[in-house]
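> next come a sequence and a model predicted from it.
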Amino acid sequence: MIQVATSTSSSKAGNTSSKPKSQAKSAAAPAPSRAEQARAAAESAVDVPVGAVLEASDRVVELVEPFTGRGAARKQLRSYRTQLRRTVRRSERRGAKARHKTTSEARRRQRSVRKVVEDRTSRAQGLVDQVTEQLASLRA
């Protein structure tokens with residue numbers, strides 16, 4: 001690690017000007033030198049890839065860990081199989097429920113349409129009978 005010596009003037013230490021505190025603090029903090037900036041950039045350039053490798057390693061371990069032993073692998077596969085069965089059963093129940101609901105709705109609409117058609121047919125037949133009687137009375 002590179003150490004950089006910084007100097008502060010004694011006039012800044014006893015600063016009692018009328019500047020607001022936020023300006024006084026920012027003015028009191030010295031700007032980082034080029035050496036400090038270079039050191040920080042170098043550290044960042046090394047830290048980012050190392051962190052990425054560690055993240056990838058953790059994820060690989062998480063994926064491989066359940067399959068490290070034969071018993072653990074069997075247990076994990078059994079768990080996956082159980083989850084799959086549950087998902088399939090849930091999907092089947094949802095599909096059956098939707099099918100029953102749609103079928104019931106279709107029957108209900110069919111009954112409603114059939115009733116409307118029968119009512120209109122009956123009314124039309126009544127009108128036909130009325131007109132037939134009126135024609136018969138006119139002919140007589």
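Arrived safely.
> give me the below-cutoff pLDDT ranges for the protein.
1-28 (pLDDT under 70).
> for it, longest helix please?
helix 70-139 (DSSP state H).
> A52: neighbouring residues, count only.
Neighbour count of A52, defined by other CB atoms under 10 Å: 10. (Each C-beta comes from the backbone N, C-alpha and C, glycine too.)
> from the contact counts, what lies against the longest helix of the chain?
Using 3 or more CB pairs under 8 Å, 6 or more residues apart in numbering; DSSP states H and E, no helix or strand is in contact with helix 70-139.
> which other helices and strands contact whichever strand or helix holds V61?
Using DSSP states H and E, V61 sits within helix 34-64. Judged by 3+ CB pairs under 8 Å, 6+ apart, helix 34-64 has no packing partners among the helices and strands.
> run the chain-centre distance for that helix.
Relative to its chain's centre, helix 34-64 lies at 29 Å (CA atoms, centre = their mean, to the nearest Å).
> next, the buried residues of it.
Across helix 34-64, burial judged by 16 or more other CB atoms under 10 Å covers R39.
> now do stretch 83-103
Per 16+ other CB under 10 Å, stretch 83-103 contains no buried residues.
> hey, C-alpha coordinates of that stretch in PDB?
The C-alpha trace of stretch 83-103 is given here as PDB (Å, rounded to 0.1, in the frame of the first residue of the first chain):
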ATOM      1  CA  GLN A  83     -42.600 -30.500  -6.400                       C
ATOM      2  CA  LEU A  84     -43.300 -31.400 -10.000                       C
ATOM      3  CA  ARG A  85     -46.200 -33.700  -9.000                       C
ATOM      4  CA  ARG A  86     -47.700 -31.000  -6.900                       C
ATOM      5  CA  THR A  87     -47.400 -28.500  -9.700                       C
ATOM      6  CA  VAL A  88     -49.000 -30.900 -12.200                       C
ATOM      7  CA  ARG A  89     -51.900 -31.700  -9.800                       C
ATOM      8  CA  ARG A  90     -52.500 -28.000  -9.100                       C
ATOM      9  CA  SER A  91     -52.600 -27.300 -12.800                       C
ATOM     10  CA  GLU A  92     -54.900 -30.200 -13.400                       C
ATOM     11  CA  ARG A  93     -57.300 -28.900 -10.600                       C
ATOM     12  CA  ARG A  94     -57.300 -25.400 -12.100                       C
ATOM     13  CA  GLY A  95     -58.000 -26.700 -15.600                       C
ATOM     14  CA  ALA A  96     -60.800 -28.900 -14.300                       C
ATOM     15  CA  LYS A  97     -62.300 -26.000 -12.400                       C
ATOM     16  CA  ALA A  98     -62.100 -23.800 -15.400                       C
ATOM     17  CA  ARG A  99     -63.600 -26.500 -17.600                       C
ATOM     18  CA  HIS A 100     -66.500 -27.100 -15.200                       C
ATOM     19  CA  LYS A 101     -67.100 -23.400 -14.900                       C
ATOM     20  CA  THR A 102     -67.200 -22.900 -18.700                       C
ATOM     21  CA  THR A 103     -69.400 -25.900 -19.200                       C
END
